[in-house]
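*Asks:* got a predicted model here, sequence first, then my questions.
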Amino acid sequence: MQHVLLVDDEEAIRYVFQRYLERAGFAVSTAAGADEATAIFEAMQIDALVTDQRMPGQKGDALVQQLRAARPDLPAIIVTAYAAECSPDLRNVPVLNKPVPPAELVTAVERALARPAV
């Protein structure tokens, strides 16, 4: 079972996205911010990252860069209402605009995991 790390500061979004990803057959760990996400990433085998962009503290694109410094092939997706704020330097990181239908998120995660390593 593939393990997705879901990071969003809004509890309701984490809840809905987690349920849809679990129904699609993924194991899901959730975090409310970058510090919590980093601790989970260091403690567990994570197969993909789904993160919000605008969160208190570290932004989602910076989190992607940080985790990819440790694991360059980590599939990542940013889900945000602020796509223009995402770094143009990120490679192979789809940006989904909120509100995103949960089924679209599941499809994006499946595609990200099916891609060859970066």
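*Replies:* All right, it came through fine.
*Asks:* for this structure, which residue is closest to the average position?
*Replies:* Nearest to the mean C-alpha position of the chain, counting by CA atoms, centre = their mean, stands Val50 at 1.0 Å.
*Asks:* from the chain's centroid, how far away is stretch 76-96?
*Replies:* In terms of CA atoms, centre = their mean, to the nearest Å, the centre of stretch 76-96 is set 10 Å apart from its chain centre.
*Asks:* so what touches that stretch?
*Replies:* 8, 17, 48-54, 59-62, 64-65, 67-68, 75, 97-100, 104-105, 108-109, 111-112, 115, 118 (CB atoms under 8 Å, 6 or more residues apart in numbering). No exception for glycine: its C-beta is placed from N, CA and C like everyone else's.
*Asks:* let's see that with 7 Å instead.
*Replies:* Contacting residues not belonging to stretch 76-96 are listed as 48-54, 60-61, 64, 97-98, 100, 104-105, 108-109, 112, 115, 118 [CB atoms under 7 Å, 6 or more residues apart in numbering].
*Asks:* is Glu42 in a helix, a strand, or coil?
*Replies:* helix (DSSP: H, G, I helix; E, B strand; the rest coil).
*Asks:* quick check: it vs Arg71, distance?
*Replies:* 11 Å (CB to CB, to the nearest Å).
*Asks:* then Ala39?
*Replies:* For Ala39, the distance to Arg71 - CB to CB - is 15 Å.
*Asks:* cool, Phe26 as well?
*Replies:* Counting by CB to CB, the separation of Phe26 from Arg71 is 18 Å.
*Asks:* ok, now Arg111?
*Replies:* On the measure of CB to CB, Arg111 and Arg71 end up 19 Å apart.
*Asks:* so which residues of this structure form helices?
*Replies:* For the chain, the helices defined by DSSP state H cover 11-23, 34-43, 60-70, 102-114.
*Asks:* mind putting those into TSV with mean neighbour count?
*Replies:* TSV is the format used below for these (neighbours: other CB atoms under 10 Å):
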stretch	mean neighbour count
helix 11-23	16
helix 34-43	16
helix 60-70	19
helix 102-114	16
